[in-house]
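1. Generate a structure from the sequence data that follows.
(chains A and B)
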Amino acid sequence: MLTSNFLPGMSSRYLTDSVVPSAVGLIITESGARRNATTVTFFSEVAHHPATLWVSIASDSFTLELIRESRQFSLMVLHDGQRALALDCGASSGRTRDKCAGLKLRRGPEGFLFLSDSLTAIACRVLSDHGLGDHTLFIAAILAGEYDTKTTMRRHLLTTDLS
Amino acid sequence: MLRYARNIWETKIQCVCSVISARDGDDVELFLCANFAQASFDPPRVIVNPNVLYPIERAIRRERQFAINVFQASWREAALRMVRVRRRTPGKRDVLGLPIAEHERLRIPYIPGSQRIVFCELEQTLDTGDHTVMIARVLDSIDDPAQKGKTALLYPEISGAPSRYPRVSKAVRTFMTFTGTKELVKRALGRGGVVSKPDISAETYELGGQTAREIDQILNYGVIDRGRAIKPPARAPAVLRRKVGVCVVGVGQWGSFHAQLFRRADPNVVLFVCGRDPDRLARVARSVGASDCIIGLERALEDPRVEALSLVLPHHLHAHAVHQAVDSGKHVMVEKPIANTLADADSMIEAARRKGVVLMVAEDMHFRPAVRESVHAIARGNIGEPLYFKAHAGGKLRPRGWKANSGMMGGGVWMDLGVHYIRALRIIMGEPDRVFATRAMQIDTKMSGEDSAQVIFSSSQGWQAHLLLNWAGPRGNTPDILVSGDRGVLQLWPSARFLDWIPDEPLPLVRFIGEIRPRWLGEKLMKPQYQRVRIPITDRDTQGYLTEVREFLASVAEGRAPTSDPIDARRDLEIVLCGYEALRQESWVDIPPYQTALSRG
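-> Residues are numbered from 1 along each chain as shown, chains lettered A, B, ... in the order given. Got it, this is the predicted structure:
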């Protein structure tokens, strides 16, 4: 995830201090009238049964606040054509502007907000959270997932594409 | 067109490919993984999620250290080789031919030349279903400067059905996707359109090929891949460098055989025989060239020339005789089974530990070369994943005296032969979890124990075993052990200097005959032995008896523990007793988990 003090053109710790290359995703959270979209790189699979994934969110972020309230989020796995979107959503905090406003969103299964044109969109419900110092680890059930057949041949957007 | 992700792989959260490497005893465990990522900065942590049944999970839990070797895109072929290797295949580095190095300071194995290598120490595990979330602190990392700026290998590059022409297939897939042809074809085949929302967990398992029962087993929290807890000894024991005085106690048929084995084992053995009947004792002593005859165990215990005893006595006397020997400071080899009860076995092991003497149970199966070769054949992948173990042993026998008395024997044929084949089962397949037993009508009415038993074992690892032990009738000319996997079968013959491997893949001669037309001619020419590979056993001691005796002598002379641990003999007995319980209840009985570390103290 790109921190709130990240500005376009500047290096983020998520890029400079990243110990492993990984996929880039976008998390969209909603709690009442408040919503946010933020770029994440700290996520992966947890288990097949039950189908679960984990995401690790910076402990001081707006996204963490919203996930704690709503206990749910949607995760979009981004493709290599979505670099600008990833940089934009990781560049500033959702506390100061509505980052969702500029996104092409739609309501997916279970009413979750999904980004159109991503590699995949996944609806998640938080099962547990665990403190990891500067981050909080969420383990979430995968409620549903969708993909657009047009994007199936695209490759993942990687952290190495952002630097 | 929008489609539901039907399984976890269609969510595409698997991305960069790496191989997780961890030490696993003397071996290195390797596991291809596309599920890892960083989880925090201060301190830097990463998370991996191995399946609870995979050996890598056990290896990381035990060693608490591992490395993530990030693969570059050019290593696709190596990754595909890893995908094809069975998860439980031991010695993966040899099978895959991957170079393995070791971090100088941390001693963690890694694959040199990987794009990035991250060395980690396990901090925390979370039980989360069929996979374990392992949170680890990053200790160090190595970058290959030659790989800078190059793309890592991505999971979609290695997933899906293998293709002979991957670039052409990819181009066709891309064309069909972008032009919409793929959707049209799917619709025409009735597979198009968004259907009802799938159950991702269930469909993931369906695609993975697991049955409902396997899912239950996988979801059984705490299940770990105990795999093969014991290994056959790697090498033959050394030649004795000093004289060892050994007294064989009990000079019945089997006692005489023991005396012969000690005579043949090493010229440095000073052999004594001990019994109650002076005439028989003198006869046996003459036939084996014993240095002296000793009448009565008590006198053997007092004799300073005797350093070690081989107790070949009725089962119910084992515990008392071992205690007497151990109290006199003598090393002991006792015939199998270790005792008739677990309480006796525990007290014997504890007494030997307290006195610091060697206690070994004479279990020849532990040293049988064919069993060892089977383990190697499985490790080579000859039969794929071992699924079934079948033992058929015994033969027509009418035991009399104490062997016909279930109180002295601790049972019947299942007690007497069961321990042998349980040891073979444990070495070849692993630790069983449940047992069911049944038996046919009794033929030998002068025997109070059972004269036949068939026992079925199951393991949470997915394999099953069937042991048919029988003194009621002849056994016929059949292999006594058969191990069946998804790619072949191994046949172990008693006393043979070979074992047979019947691969699933037709051998060249079979393929050639299969092409012969007319078909009836090919069928006439075909012989079953054409589809058989005979694996030679160079060891002349085909049953392992001599090696067993030599191992005991070497452990006495060198003052070390024998490779056949009495704890394992106790475990064999524990499984036999569970079998008797299943026979009594006529239902499945759970076998207590094998607690290696706890038991061995």
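2. For burial, what's the neighbour tally of B:G149?
-> When counting by other C-beta atoms under 10 Å in any protein chain shown, one arrives at 6 neighbours for B:G149. Where C-beta positions appear, they are placed from N, C-alpha and C, glycine not excepted.
3. Chain neighbours aside, what residue packs nearest to it?
-> A:T160 (7.9 Å; C-beta to C-beta, 6 or more residues apart in numbering or on different chains).
4. next one: B:R400
-> B:K446 (7.1 Å).
5. which residues are contacting stretch B:101-117?
-> Around stretch B:101-117, the neighbours that count as contacts under C-beta atoms under 8 Å, 6 or more residues apart in numbering or on different chains are A:19-21, B:18-19, B:21-23, B:28, B:65-72, B:75, B:98-100, B:119, B:139-144, B:147, B:150, B:152.
6. Go through that stretch and flag the buried ones.
-> By 16 or more other C-beta atoms under 10 Å in any protein chain shown, the buried positions in stretch B:101-117 come out as B:103, B:108-111, B:113-117.
7. Among the residues you listed, name the ones in strands.
-> B:109-110, B:116-117 (DSSP state E).
8. pretty sure B:V556 is in a helix, no?
-> Yes: the assignment for B:V556 is a helix, going by DSSP: H, G, I helix; E, B strand; the rest coil.
9. Which of the buried residues of stretch B:101-117 sits closest to B:P267?
-> The shortest approach to B:P267 among the buried residues of stretch B:101-117 belongs to B:P109, at 43.7 Å (C-beta to C-beta).
10. in the sheet, who's paired with the closest one?
-> Listed by DSSP bridges, the beta-bridge partners for B:P109 are B:E102.
11. Could you chop chain B up by domain?
-> Chain B breaks down by automatic domain parsing into domains covering B:8-157, B:244-362, B:367-536.
12. Output the ones you listed as CSV; include the columns mean pLDDT.
-> What follows is the domains of chain B, written out as CSV (pLDDT from 0 to 100):
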stretch, mean pLDDT
domain B:8-157, 87
domain B:244-362, 95
domain B:367-536, 93
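13. In TSV, list those along with distance to A:R154.
-> Conversion of the domains of chain B to TSV gives the following (distance: least, C-beta to C-beta, whole Å):
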stretch	distance to A:R154
domain B:8-157	10
domain B:244-362	62
domain B:367-536	36
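14. Contacts only, for the residue nearest to B:R400.
-> Per C-beta under 8 Å, 6+ apart, neighbours of B:K446: B:398, B:400, B:404.
15. For the stretch 151-300 of chain B, just list every one of the strands.
-> B:244-249, B:269-275, B:292-295 (DSSP state E, counting those that start in this stretch).
16. In a markdown table, list those strands along with mean neighbour count and distance to chain A.
-> Shown next, in a markdown table, are those (neighbours: other C-beta atoms under 10 Å in any protein chain shown; distance: least, C-beta to the nearest C-beta, whole Å):
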| stretch | mean neighbour count | distance to chain A |
| --- | --- | --- |
| strand B:244-249 | 26 | 56 |
| strand B:269-275 | 24 | 58 |
| strand B:292-295 | 18 | 64 |
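17. Contacts only, for the nearest residue to B:G407 once chain neighbours are set aside.
-> Closest residue in space to B:G407, ignoring its immediate chain neighbours: B:H316 at 7.0 Å, by C-beta to C-beta, 6+ apart. Residues near B:H316 by C-beta under 8 Å, 6+ apart: B:340, B:402, B:407-410.
18. Any idea how far the one helix or strand B:A78 maps to is from the middle of the chain?
-> Here B:A78, judged by DSSP states H and E, is contained in helix B:76-84. Relative to its parent chain, helix B:76-84 has a centroid offset of 25 Å by C-alpha atoms, centre = their mean, to the nearest Å.
19. From the rest of the structure, what touches it?
-> B:17, B:19, B:30, B:32, B:71, B:92, B:96, B:98, B:153, B:157-158, B:162.
20. Just the buried subset of the residues you listed, please.
-> B:17, B:19, B:30, B:32, B:71, B:92, B:96, B:98, B:153, B:157-158.
21. Next up, the contacts around whichever residue of the stretch 1-150 of chain B sits closest to chain A.
-> Chain A sits closest to B:A5 of the stretch 1-150 of chain B, with a gap of 3.0 Å, by C-beta to the nearest C-beta. By C-beta under 8 Å, 6+ apart, B:A5 lies in contact with A:120, A:122, A:144-147, B:11-12, B:198, B:200.
22. Narrow the residues you listed to those in strands?
-> A:120, A:122, A:144-147.
23. what about burial for the residues you listed, which qualify?
-> Buried among those (16+ other C-beta under 10 Å): A:120, A:122, A:144-147.
24. Next, please give the residue ranges for the strands of the stretch 351-500 of chain B.
-> Under DSSP E, counting those that start in this stretch, the stretch 351-500 of chain B gives strands at B:359-362, B:386-394, B:434-438, B:452-458, B:464-470, B:481-485, B:488-492, B:498-503.
25. Also chain A?
-> A:25-31, A:34-40, A:43-47, A:52-58, A:72-77, A:105-107, A:113-115, A:120-132, A:135-148.
26. Pick the most deeply packed of the ones you listed.
-> strand A:43-47 (a mean of 28; mean count of other C-beta atoms under 10 Å in any protein chain shown).
27. State the mean pLDDT of that strand.
-> Strand A:43-47 carries an average pLDDT of 93.
28. Would you mind pulling the contact partners of it?
-> A:22-23, A:25, A:52-56, A:75, A:139, B:8, B:13-14, B:35-37, B:47, B:49, B:128-131, B:133.
29. before we move on, what about stretch A:96-112?
-> A:28, A:35-38, A:72, A:74, A:85, A:88-89, A:92, A:113-117, A:121, A:123, A:143-144, A:146, B:4, B:197.
30. Helix or strand for B:L301, just tell me which one.
-> helix B:297-302.
31. Show me what that helix packs onto, helices and strands only.
-> When contacts are defined as 3 or more C-beta pairs under 8 Å, 6 or more residues apart in numbering or on different chains; DSSP states H and E, helix B:297-302 packs onto strand B:244-249, strand B:269-275, helix B:318-327.
32. coming back round to it: wait, which of the buried residues of stretch B:101-117 is closest to B:F175?
-> For those, the nearest to B:F175 is B:Q115 (30.7 Å; C-beta to C-beta).
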